[in-house]
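In: sequence below, structure please.
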Amino acid sequence: MRRITCTLSFLVLLVGGLAGSQQSDSQRLEDLRHMIEREIGVPYGDEPSQCKLIPFGSKPCGGPWSYLVYSTLKTNESRLKQLVNEFNRLQKKINEERKIASDCALAPVPKVEFAEGLCTAKPF
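Out: Take a look at the predicted model:
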């Protein structure tokens, strides 16, 4: 009887640890999303060459979910790349662990536009 109790206790801790890990991964993903949004802010620029795109997210079939537009005038580009890379890796890990599926369509790369001091992404 004691052995069954110990085994059940171990399983409860194991399942609880896995659920906690999933929750912390989900929370980290959300935290990263907010950090990325803050890093980009409003993509103001002085000239079109400051407007750039970065692939964002990780679809289960591969490739990004979308593209984010940012301005090198307002954004620390190396910090943004670091945050987005971490977000994309973590989303890929979650997709694999939870066996998440999606369509396998490629996200279209939008056209970057610059007007009135603002960088925007226009879908094709």
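
In: give me every residue that touches S102.
Out: Residues in contact with S102 (C-beta atoms under 8 Å, 6 or more residues apart in numbering) are K59, P60, C61. C-beta here means a position set from N, CA and C on the backbone, and glycine is covered the same way.

In: part of a strand, is it?
Out: No - secondary structure of S102, determined by DSSP: H, G, I helix; E, B strand; the rest coil: coil, with no strand assignment.

In: check W65 and give its pLDDT.
Out: Per-residue confidence (pLDDT) for W65: 97.

In: next one: the one 5 residues further on
Out: The predicted local confidence for Y70 comes out at a pLDDT of 98.

In: didn't it look like it was pressed against I40?
Out: Yes - under the criterion of C-beta atoms under 8 Å, Y70 lies in contact with I40, with a separation of 4.6 Å.

In: so which of those two has more stuff around it?
Out: Per other C-beta atoms under 10 Å, whichever of Y70 and I40 has more neighbours is Y70, with 26 against 19.

In: which SSE is the most centrally placed residue in the chain in?
Out: Geometric centre of the chain, nearest residue: F87, 3.6 Å, by C-alpha atoms, centre = their mean. In the assignment (DSSP states H and E), F87 maps to helix 77-98.

In: picking that back up, need the contact list for the residue nearest to the centre of the chain.
Out: Taking C-beta under 8 Å, 6+ apart, one finds L29, L32, R33, I36, F56, G57 in contact with F87.

In: please apply the same query to S71.
Out: Counting by C-beta under 8 Å, 6+ apart, S71 touches P43, Y44, G45, Q50, C51, K52, C119.

In: cool, and D25?
Out: Contacts of D25 by C-beta under 8 Å, 6+ apart are L90, K93, I94, E97.
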